[in-house]
Structure formats: C-alpha cells, structure tokens
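A.B. asks: Okay, sequence plus prediction incoming.
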Amino acid sequence: MAEAQKNLIKMKNLFLISLVAVILSSCCDKTQEVNTLTKEEKADGWQLLFDGKTTDGWRNYGKTTFPDGWDITEDGTLHCPGSGRGEAGGKDRGDIIYGDKKFGNFHLKLEWKISEGGNSGIFYLGQESDSLDYIWKTAPEMQILDNEKHPDAAAGIAGNRQAGSLYDLYPAVPQNAKPAGEWNSVEIKVYKGSVWHMQNGETVVEYHLWTPEWNELVAGSKFPGLNPTWADVASEGYIGLQDHGDDVWFRNIKIKEL
C-alpha cells in the first residue's frame, strides 16, 4: 500500500512538472509577429507605418506614387534592391516617405538590415518643395551603414557617418551596430527640438535642434555649402527611407505621437 501511494505521488508530481513545462513553453514561444502591434501598444497610441503586405501611406519623395523599384519580400520586409549606382539609384527608384502625415513630436521604432558594403538612412522632419530633389537637403538622417566595408565609415569626424549617427554631425556612441546581414533595432525620439537616437537598446545620440551649438555644428559640416538654410530644420515633417543604391530591408515600422 505504501509503495502504491509513493507511485501515485510520483505520477502526480510528474504530471505537475509536465503541466508547468507546457505553460512555460507556451509563454516563451509566443513571440510577437513582425509588423504587428500588441494590445498594449495599441492602447498606448502606437500605429503601424508598414503592415508587411502593402505600401499604403508610402510614396516616392516629391511624387504621388510608390516607386516600382522598391518591393515587399515574402517574409514581410520593405526592400530597396541594390542598383549599384549609389545615391543616384536607378530608374523608377529613389527615396520614399510616409506621405500620409507629417510628424512633429514622436517616438519612431523600426528594424533595418543592410547588405555587405551597403549604405542607407532614416530621415525625419523632412520637407518637400518643387525646388528640392532630395529629402536629405531638409531632414536630419539617422545613418544606416555596413561599418566594416563601406568607405563612409572612416570619413567624417569621429565616426559621425557610421550606423546610428546623426549623419555628418553627431557620432553614435557607443557604436553598437550589428554586421551586414543582421537586423538592427533602432528608435528615434523627437520632442520640442530634443532628439534621441537609440540603436540596439542603447541611446547613442542626443542633441537639440535650433540652439547656438546646433548652428555651429551644422556650419562646420558638409551641409551649408549644399543648402545654406539646412540648420533651420522644421518642427514637423515626413519620415523617409533612403535609396542609396544598395540592398536594404526594413520591418516593424511603428510610431507614437508625443
């Protein structure tokens, strides 16, 4: 009788252990699908800018239609195929913007992956006009780069053209970008002129627009000779993704207005 009770207790313990394992496994395996929002994110005011299936809301910079050169891959990423022509891009290509709305104070999140030796960028507070051919002439840029193989990584000052940096102005510190072919998680926060770049979980850039320090920094960069009013960045504008002639992929693009 005692032996039977012991066996029964063992069976009950094994059952409980198995049940707990199943519950834990279910919780751990329940990862969020790409290009979706959780209930908590929806309640907190986040909105998707890319659903992984359509290009709704997106268009060519300075145009009304989405370029044929960009595509959506089978695994739900927004992809700019390489043209081998650098910033000149290719026919029916070019930078794209989320053209449905301008954003002022916001928190932007997305993931990017760059090809070997590749270059791209994320623009914010961008403007359009008949006299402008590129969004970078009005917008700050969070750099996307293969730091190992693209020559721009060694250009500029103190690494300010490497991944995560405010291009040609503030370097990303620490420099924690993952190698070409791997996904990087980034965030950009803008609030009343204060700006933060986050890369792979760390704040790598922090600055403030329109201050004397900002004006002095811009004056010593490549921008004044290209567009003398570049320092006067707008208080709200478009989110943009760059076609720099290299393969680059984006996913999980979401934004929350602050």
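C.D. replies: Cool, got the structure.
A.B. asks: Find the helix or strand that residue 252 is a member of.
C.D. replies: Element membership for residue 252, per DSSP states H and E: strand 248-257.
A.B. asks: what's the answer for residue 120, then?
C.D. replies: strand 119-126.
A.B. asks: check contacts around the spatially most central residue of the chain.
C.D. replies: When C-alpha atoms, centre = their mean is applied to the chain, the residue found nearest the centroid is residue 110 (3.9 Å). Contact analysis of residue 110 by C-beta atoms under 8 Å, 6 or more residues apart in numbering lists 122, 185, 186, 250, 251, 252, 253, 254. No exception for glycine: its C-beta is placed from N, CA and C like everyone else's.
A.B. asks: Just the buried residues of these.
C.D. replies: 122, 186, 250, 251, 252, 253, 254 (16 or more other C-beta atoms under 10 Å).
A.B. asks: Which single one of the residues you listed is nearest to residue 81?
C.D. replies: Of all the buried ones among the contacts of residue 110, residue 250 has the smallest distance to residue 81: 12.9 Å, by C-beta to C-beta.
A.B. asks: From what I see, the closest one and residue 77 are in contact.
C.D. replies: Yes - at 6.4 Å, residue 250 and residue 77 qualify as touching, with contact defined as C-beta atoms under 8 Å.
A.B. asks: sorry, back to before: contact partners of the strand holding residue 252?
C.D. replies: Applying C-beta under 8 Å, 6+ apart, the contact partners of strand 248-257 are 34-35, 37, 41, 44-50, 52, 73, 76-80, 103-115, 118, 120, 144, 183, 239, 241-242.
A.B. asks: low-scoring stretches of the chain, by residue?
C.D. replies: 1-30, 88-92, 226-228 (pLDDT under 70).
A.B. asks: can we see that at 80?
C.D. replies: 1-30, 84-92, 224-229 (pLDDT under 80).
A.B. asks: In a strand, the residue nearest to the centre of the chain, correct?
C.D. replies: Yes - judged by DSSP: H, G, I helix; E, B strand; the rest coil, residue 110 forms part of a strand.
A.B. asks: tell me the domain ranges of this structure?
C.D. replies: Domains of the chain are assigned by automatic domain parsing as 1-31, 33-257.
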